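In: Would you be able to build a 3D model of this:
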Amino acid sequence: EVQFVESGGGAVQAGESLTLSCAAPRSLWDGYAISWFRQIPGKEREAVACTSNYDGSTYFKDSVKGRFTISSADAEHTVYLQMSSLKPEDTARYYCAAIRGYCSPYPMAYEYAHWGRGTQVTVSS
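Out: The predicted structure is shown next:
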């Protein structure tokens, strides 16, 4: 089964930083947009950031703009989510997922067919 592998989560204090990694299958790299979603129990999965290897488009959720950046290492088929100035409301399980083409202005979880198992981020105040 094709699967992403997320890593880098952990427990940090508010204001600290974390970098999440998403190792993508080779078959889901060229021509795909890779997005980071997050979810807390009882709530819908929401898109946090996206980067496309198809056209270079990106997306960031408003609440993370200026704090989170997304980058990719083509040779390693890995996407990174650099998170700084973390807040307790960033606490969630973070997942990466792929969709063919560009980053939508409003990425929705139901549009994505390929997912990882996630990595937990916990930010305490």
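In: pLDDT below threshold where in this protein?
Out: 1-2 (pLDDT under 70).
In: swap the cut-off to 90 and go again
Out: In the predicted model of the chain, residues 1-3, 26-28, 113-114 satisfy pLDDT under 90.
In: can you map out the helices along it?
Out: For the chain, no helices turn up when DSSP state H is the criterion.
In: Where do the strands of it begin and end?
Out: 5-7, 10-13, 18-23, 32-39, 46-52, 58-60, 68-73, 78-83, 92-100, 114-115, 119-124 (DSSP state E).
In: Need the ones you listed in JSON lines (columns: distance to residue 106).
Out: The C-beta positions use only the backbone N, C-alpha and C, and glycine is treated the same way. Below are the strands of the chain laid out as JSON lines (distance: least, C-beta to C-beta, whole Å):
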{"stretch": "strand 5-7", "distance to residue 106": "22"}
{"stretch": "strand 10-13", "distance to residue 106": "29"}
{"stretch": "strand 18-23", "distance to residue 106": "21"}
{"stretch": "strand 32-39", "distance to residue 106": "11"}
{"stretch": "strand 46-52", "distance to residue 106": "8"}
{"stretch": "strand 58-60", "distance to residue 106": "8"}
{"stretch": "strand 68-73", "distance to residue 106": "16"}
{"stretch": "strand 78-83", "distance to residue 106": "19"}
{"stretch": "strand 92-100", "distance to residue 106": "13"}
{"stretch": "strand 114-115", "distance to residue 106": "18"}
{"stretch": "strand 119-124", "distance to residue 106": "23"}
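In: Can you lay out the ones you listed as TSV showing distance to residue 108 and mean neighbour count?
Out: Converted to TSV, the strands of the chain look like this (distance: least, C-beta to C-beta, whole Å; neighbours: other C-beta atoms under 10 Å):
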stretch	distance to residue 108	mean neighbour count
strand 5-7	19	16
strand 10-13	28	13
strand 18-23	18	20
strand 32-39	10	24
strand 46-52	7	23
strand 58-60	11	18
strand 68-73	18	17
strand 78-83	18	22
strand 92-100	10	22
strand 114-115	13	18
strand 119-124	21	16
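In: Right, I'll leave it there.
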